[in-house]
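task: produce atomic coordinates for the following.
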Amino acid sequence: MSHTVFINRQALYLRPDPTRVVVRSFKPATEPRDLNPTDKTRANHILERILALPEEVAAGLLAEVLENFQGRHRNLLETFEARAKEMENALFNHPDVSPVQRQLVGAYFLHEYSFEASALFNPSIVAHPDQSGAPEGGRRFIISLRAVGEGHVSSLTFRAGSIAPDGVVTIDPTARLAAIPRVRSWTTGPDGDAVEVVFKAEEDLSERVIFPITPAQSNGIEDARFVEFKENGKSLYYATYTAYNGKAIRSELLETSDFMSFRLSPMRGAATYNKGMALFPRKINGRYAMIARQDNENLYLIYSDDLRRWEGGTPILGPQYPWEFVQIGNCGSPIEMKEGWLLLTHGVGAVRKYTIGAVLLDKDDPSRVLARSHEPLVRPDPSEREGYVPNVVYTCGAMRFNDQIILPYAVSDTFSNFATIKILKLLEMMKAV
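Here you go, the predicted model:
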């Protein structure tokens with residue numbers, strides 16, 4: 001069956017924009033707050049030079065900084081003050097520091113970071129918790145995206161949009177500004193650090209950037225697979241993602257109800273030391289369920305009574321067709337339909353070409369594979385082969401809307417696009433197992 005029969009690419013490109021920047025802590029040498037106040041390091045020297053400035057010179061320099069950067073960020077003076085507060089230990093021996101000097105100190109220990117300068121990819125999509133403003137007969141949605149900037153550090157960013165009744169997708173305009181959240185709480189436990197972060201109400205959804213916070217995430221929050229989880233008539237949004245510290249990976253869990261405040265916490269258990277975990281959107285037979293990749297050869301079904309502990313599992317799917325001989329993995333949380341659970345998969349074939357396929361799992365017993373696609377649903381077309389990683393199409397989650405699957409997908413680890421898939425045609429092309 002021709003792909004044009006049921007796959008409709010929308011040419012709605014989300015490309016990285018290097019002009020969008022956030023301000024982050026700048027840490028020359030060792031962070032001053034970690035030092036003995038009597039130590040003399042580069043950071044201490046910078047601090048002493050700033051505090052040695054006459055008050056009028058410091059005021060003029062602060063005004064110059066504000067004029068230069070004010071239009072690029074919200075509430076810069078507040079941001080400078082917050083950074084100075086983080087350095088209280090370093091400022092302890094300087095009790096007569098004026099407000100101007102404190103704000104200038106904060107400015108010198110910050111820097112701009114272009115968080116999506118290199119890539120904007122691996123999207124995931126869920127229904128928006130606020131459906132006001134949705135087109136009649138349509139739906140509002142939120143997509144998450146993996147943004148990559150300097151040093152190949154990955155963060156999490158968002159966009160909102162709408163689906164019309166006919167399946168046409170539109171994306172809301174992207175805000176020019178961007179911001180990282182305030183850390184509301186930080187808890188250190190035996191399994192690692194858990195943090196709660198919150199954005200300001202005036203910050204548009206597309207302004208919100210969740211940058212790595214804990215040591216386990218220091219080099220990236222990667223490939224968030226969002227799902228709207230329903231239990232007892234209520235919805236919460238969870239995302240499993242890969243935390244990367246430059247050497248090791250592990251799966252962690254994000255949760256939110258409003259996409260304004262978020263909790264990020266480690267998961268534990270043998271199954272969490274791999275990538276690509278995806279949570280089912282509801283409990284199955286009273287237990288949480290997850291699709292996971294543990295050995296690159298098979299996809300596993302795992303049950304747990306504890307949302308944060310995942311052990312073992314049963315292999316349910318392995319490479320079968322040439323386009324997935326090298327590797328198979330999931331492409332987001334399973335989608336519930338009357339026919340069963342639709343699980344999108346990725347396969348890696350010759351010359352490391354990534355494509356997207358599909359599997360149908362039994363609704364009551366997802367370990368039973370009912371059908372699977374013998375050909376890819378989406379493969380890189382000629383305009384989608386070039387990028388940071390050539391010959392790759394990939395997604396971290398799709399959404400059902402009426403008789404279609406709305407599929408945001410990444411192109412060559414560089415930018416993202418959308419496709420729609422007719423469910424009936426998709427089921428017709430899948431082979432029974």
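
list phi and psi for Gln70.
Phi and psi for Gln70, reported as degrees, to the nearest 10, are phi -60, psi -40.

list the contacts for the closest residue to it other than its chain neighbours?
In space, Gln70 comes closest to Leu76 once its chain neighbours are excluded; the distance is 5.9 Å by Cβ to Cβ, 6 or more residues apart in numbering. Heads up, the C-betas are built off the backbone N, CA and C, glycines and all. Neighbour list for Leu76: 66, 69-70 [criterion: Cβ atoms under 8 Å, 6 or more residues apart in numbering].

give me the buried entries from the residues you listed.
If you count burial by 16 or more other Cβ atoms under 10 Å, the buried members of those come out as Phe69.

just the closest of the contacts of Leu76 to His111, please.
Each of the contacts of Leu76 was checked against His111 using Cβ to Cβ; the closest is Phe69, at 10.9 Å.

so the closest one sits in a strand?
No. Residue state for Phe69 (DSSP: H, G, I helix; E, B strand; the rest coil) corresponds to helix; a strand is not indicated.

tell me the secondary structure at Gly387.
State at Gly387, reduced to three classes by three-state DSSP: coil.

again with the one 10 residues further on
Going by three-state DSSP, the secondary structure assigned to Gly397 is coil.

who touches it in this structure?
By Cβ under 8 Å, 6+ apart, Gly397 lies in contact with 123-126, 225-227, 278, 331-333, 344, 408.

what sits closest to it if chain neighbours are left out?
Once its chain neighbours are removed from consideration, Gly397 has its nearest residue in Gly332; the separation is 2.9 Å (Cβ to Cβ, 6+ apart).

ok so, going back, turn the contacts of Leu76 into CSV, including distance to Tyr273.
Putting these into CSV (distance: Cβ to Cβ, whole Å) gives the following:
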residue, distance to Tyr273
Leu66, 46
Phe69, 41
Gln70, 45
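
so where do the strands sit in the stretch 201-350 of the chain?
With DSSP state E, counting those that start in this stretch applied, the stretch 201-350 of the chain shows strands at 209-210, 220-231, 234-244, 249-256, 261-266, 278-279, 288-293, 299-304, 314-317, 327-330, 335-337, 340-348, listed in chain order.

want to throw those into CSV with mean pLDDT, mean neighbour count and distance to Ala119?
Below are the strands of the stretch 201-350 of the chain laid out as CSV (pLDDT from 0 to 100; neighbours: other Cβ atoms under 10 Å; distance: least, Cβ to Cβ, whole Å):
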stretch, mean pLDDT, mean neighbour count, distance to Ala119
strand 209-210, 98, 24, 14
strand 220-231, 96, 22, 11
strand 234-244, 96, 20, 15
strand 249-256, 97, 20, 18
strand 261-266, 98, 20, 21
strand 278-279, 98, 24, 21
strand 288-293, 96, 23, 22
strand 299-304, 97, 21, 26
strand 314-317, 96, 16, 29
strand 327-330, 94, 22, 19
strand 335-337, 97, 16, 26
strand 340-348, 97, 23, 17
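
do you know the pLDDT at the residue nearest to Gly397?
With respect to pLDDT, Gly332 scores 97.

again, but for Gln217
With respect to pLDDT, Gln217 has a value of 96.

closest one of the contacts of Leu76 to Val22?
For these, the residue nearest Val22 by Cβ to Cβ is Phe69; the value is 12.1 Å.

contacts only, for that closest one.
Here Phe69 is in contact with 76, 112 (criterion: Cβ under 8 Å, 6+ apart).

10 Å instead?
Listed by Cβ atoms under 10 Å, 6 or more residues apart in numbering, the contact set of Phe69 reads 21, 23, 76, 79, 107, 110, 112.

just the buried subset of the residues you listed, written out for PyMOL, thanks.
Only the buried entries of the contacts of Phe69 go into this PyMOL selection, using 16+ other Cβ under 10 Å:
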select buried, resi 21+23+76+79+107+110
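
backbone dihedrals for Lys200, please?
Reported as degrees, to the nearest 10, the phi and psi values for Lys200 are phi -80, psi 150.
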